[in-house]
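K.L.:
Structure, please.
(chains A and B)
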Number of protein chains: 2
Amino acid sequence: MISITIIGSGNVAHHLINVFLDLTENQANQVVLEQVWARNSSYFSNPKIPFVAEIQHLKPTDLTIIAVSDHAITNVSEQLPFKNQLVVHTSGSTPLLALSTQNRRGVFYPLQTFSKLKAIDFSSVPIILESEQQQDFDLLQKIAELLSKKVVIMNSVQRKALHVAAVFACNFTNHLYAIAEHICQTHEVDFQLLAPLIEETTQKIKSVSPLLAQTGPAKRNDVETINQHLSLITEDFQKEIYQLLTQSIQEYDKKL
Amino acid sequence: MISITIIGSGNVAHHLINVFLDLTENQANQVVLEQVWARNSSYFSNPKIPFVAEIQHLKPTDLTIIAVSDHAITNVSEQLPFKNQLVVHTSGSTPLLALSTQNRRGVFYPLQTFSKLKAIDFSSVPIILESEQQQDFDLLQKIAELLSKKVVIMNSVQRKALHVAAVFACNFTNHLYAIAEHICQTHEVDFQLLAPLIEETTQKIKSVSPLLAQTGPAKRNDVETINQHLSLITEDFQKEIYQLLTQSIQEYDKKL
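P.N.:
Next up is the predicted model:
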C-alpha cells in the first residue's frame, strides 16, 4: 500500500484530495490517502478526509504532497516533523530546491486550471514530475500514472517556462474572454454568440501552429477597422490591451 | 429558386462559395449560386464556380453578397451594374450605410474565424443580419437559416461591438497561444501539453462567467511568481503583454 499525505486547502489540494480519496476507496489501486493537513481547516467538512489537526502530528508516509501557495512551500516543508521521506510540491513556477533538504525532494505539478466550482477529469491532466533520485522518480511516476494518462519529466527551468506559457494560454486568454463579455454586455449583445468562434480558435491550433492560424484586423494591418474598434472601446485598459496586442501580432508577423 | 451572387476571393468568400455550391447541388434547398466575381480571379480553379470575368457583366439576382475587404465594400457596391436589388456585405465592423444607396442594403455577417486551410461546419456559425426593409430581412433570414442554426438580428453598432469582442476572444487569444508556443519552443517543452488546459479554460466559461473563472498569479496577486515569470521572459513585447494583462486582471478584480 502506498501511503499519501496531502497538505493544503486551496484549489489544487481540493482536487488532489478528491482524486486520492477515489483511489483510496478503490482498494485495487493500492494507494491510500493517509492524512491531510492545512493551516486553514475550516473547509474540511467532508468526514471522509483523514484530517490531522496539527502539522506536528503528521506521520511519515511514502509521499507527502505540499499543495500550498508558492510562497509558503519552503516554510511548510521545514515544519514537517519527519526526515528522509519523499516530499513534493505542486507548483509550476517554484524550483525543486525551494523544498527543505531535511527530506527527499521532488515536484508533482498537475498542469490544469483548478477551481473548486468545477469538477476535473484528472486522467487528461498532464502531470509534470521532477526528483533528485531515480527511485523517487519511479514512485512518483507510478502514482502519477494512476491519476493521468500524460506524465512528463522536466527540470525546474522547463517547468517554469511551461507555467509562464500556461499563464498566457489560460489565465490571460480567460481575461480576454472577460473583456469580450464586458463589451458584449455594454452593448446588449449575447456573449455566448462567441462560443463557436472560441471553440474554433482552440480547435484550429491542434492542427495548425497559432502563428499560422492568426487572422483579424491586426494580421491584415486593416488600420481603418483597428481605428473603428478603438473608437468603440471606452475602457482605458481595454484600449491599451487592444493596441499592444495589435502591435505584437504585427511584430510576430514580421518574423514569419 | 433563390439566386445568389457572391463577390470576393478572401477567406469568407471562399467558405460562402463552398457552402452555397453545396446548397446549389442539393436542389431541394431552392437556392442557386448564380454567379461569382472577384478582382483577383486567379484563385478560382474550381470549374463548378460560375465565375464572371467582369463586374459589369453581373446580372441582378435575389441576393448579392459582397465578401471583400472592409475598405473595398463601398467601392464595389457602387460598381454593381444593377439597381434596387438586395445587396449585403459580410463585415462585422462596417456599418450597413457603407453600401451604395443604388441598391437595397443589408448585412450578412457570419461570426467565425475563417481560413482557407480549414473546413468549417457552417451550421454552428452564428449569422448576424441587418436590413432596412422587413421583406429583405425575411429573405436574408430564410437564406441564413439554410446555412446556420443560429441567426440573429442586430444593428450596426451592436454588430461592431460583437466584432470587437470577437477580436479579443479569438484573434488576441490566438496570439497569446502563439506566445505560449514560442516560450515552450525556447525551452524545448511540448506546446501540446497545454491542450487540456486550453480546452478546460474554454469549457469553463460555458457555465461560469470568465470574470469569476479567473485564476493564476495575477488574480492571487502573487508578486513573487509574477516577478519570477517576468525574469524568465526574454522578449520585450511578451514582457509588456504579461505586465499589462496582469494589471488589467487586478483592475477587474477591484470591480467584483
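
K.L.:
In chain A, where is pLDDT below threshold?
P.N.:
Applying pLDDT under 70 to the predicted model, the residue ranges of chain A that meet it are A:42-44, A:117.

K.L.:
Distance-wise, check the most far-flung residue of it relative to its centre relative to chain B.
P.N.:
Relative to the average C-alpha location in chain A, and by C-alpha atoms, centre = their mean, no residue lies farther out than residue A:224, which sits at 39.2 Å. Separation of residue A:224 from chain B (C-beta to the nearest C-beta, to the nearest Å) stands at 6 Å. Heads up, the C-betas are built off the backbone N, CA and C, glycines and all.

K.L.:
so that residue makes contact with residue B:69?
P.N.:
No: judged on C-beta atoms under 8 Å, residue A:224 makes no contact with residue B:69 at a distance of 9.6 Å.

K.L.:
ok so, going back, the residue farthest from the centre of chain A is in what secondary structure piece?
P.N.:
Element membership of residue A:224 [criterion: DSSP states H and E] is helix A:223-232.

K.L.:
re earlier: how about the residue farthest from the centre of chain A: what's its closest non-neighbour residue?
P.N.:
If the residues on either side of it in the chain are set aside, residue A:224 comes closest to residue B:71, at 5.6 Å by C-beta to C-beta, 6 or more residues apart in numbering or on different chains.

K.L.:
for chain A, what's the longest helix?
P.N.:
Longest among the helix segments of chain A by residue count, using DSSP state H, is helix A:236-255.

K.L.:
That helix packs against which elements?
P.N.:
With contacts taken as 3 or more C-beta pairs under 8 Å, 6 or more residues apart in numbering or on different chains; DSSP states H and E, helix A:236-255 sits against helix A:173-186, helix A:217-220, helix A:223-232, helix B:173-186, helix B:236-255.

K.L.:
who touches that helix?
P.N.:
Contacts to helix A:236-255, defined as C-beta atoms under 8 Å, 6 or more residues apart in numbering or on different chains, come from residues A:176, A:179, A:182-183, A:211, A:214, A:216-219, A:221, A:226, A:229-230, A:233, B:164, B:167-168, B:171-172, B:175, B:178-179, B:237-238, B:240-241, B:244-245, B:247-248, B:251.

K.L.:
Pull the number of nearby residues for residue A:88.
P.N.:
The tally of other residues near residue A:88 (other C-beta atoms under 10 Å in any protein chain shown) stands at 26.

K.L.:
Are we agreed that it is in a strand?
P.N.:
Yes: checked against DSSP: H, G, I helix; E, B strand; the rest coil, residue A:88 lies within a strand.

K.L.:
which residues does it contact?
P.N.:
A:63-66, A:99, A:105-108, A:131, A:140.

K.L.:
Please tell me how far it sits from residue A:26.
P.N.:
When distances are taken as C-beta to C-beta, to the nearest Å, residue A:88 and residue A:26 turn out to be 22 Å apart.

K.L.:
And for residue A:146?
P.N.:
Remark: distance between residue A:146 and residue A:26 (C-beta to C-beta) = 10 Å.

K.L.:
more neighbours, those two?
P.N.:
residue A:146 (18 against 11).

K.L.:
Which residue, neighbours along the chain excluded, lies closest to the more buried one?
P.N.:
Among residues not flanking residue A:146 along the chain, residue A:29 sits closest, at 5.6 Å (C-beta to C-beta, 6+ apart).

K.L.:
Compute the number of surrounding residues for that neighbour.
P.N.:
Residue A:29 is surrounded by 16 other residues when neighbours are defined as other C-beta under 10 Å.

K.L.:
For it, what are phi and psi?
P.N.:
Main-chain torsions, residue A:29, degrees, to the nearest 10: phi -80, psi -10.

K.L.:
if I read this right, it contacts residue A:21, doesn't it?
P.N.:
No: the pair residue A:29 / residue A:21 is not scored as a contact, 11.4 Å apart, by C-beta under 8 Å.

K.L.:
Just confirm residue A:181 contacts residue B:208, I think it does.
P.N.:
No: at 11.1 Å, residue A:181 and residue B:208 do not qualify as touching, with contact defined as C-beta under 8 Å.

K.L.:
Which ones among the contacts of residue A:88 lie within strands?
P.N.:
Judged by DSSP state E, these include A:63-66, A:105-108, A:131 as members of strands.

K.L.:
now for these, which pair is the farthest apart?
P.N.:
Of all pairs drawn from the ones in strands among the contacts of residue A:88, the one with the longest distance (C-beta to C-beta) is A:66 and A:131, at 14.2 Å.

K.L.:
where does the residue nearest to residue A:77 when sequence neighbours are not counted sit relative to residue A:113, distance-wise?
P.N.:
In space, residue A:77 comes closest to residue A:100 once its chain neighbours are excluded; the distance is 4.0 Å by C-beta to C-beta, 6+ apart. With the distance defined as C-beta to C-beta, residue A:100 ends up 28 Å from residue A:113.

K.L.:
Same drill for the two, tell me which one is more crowded.
P.N.:
Between residue A:100 and residue A:113, residue A:113 has the larger neighbour count (other C-beta under 10 Å), namely 23 against 16.
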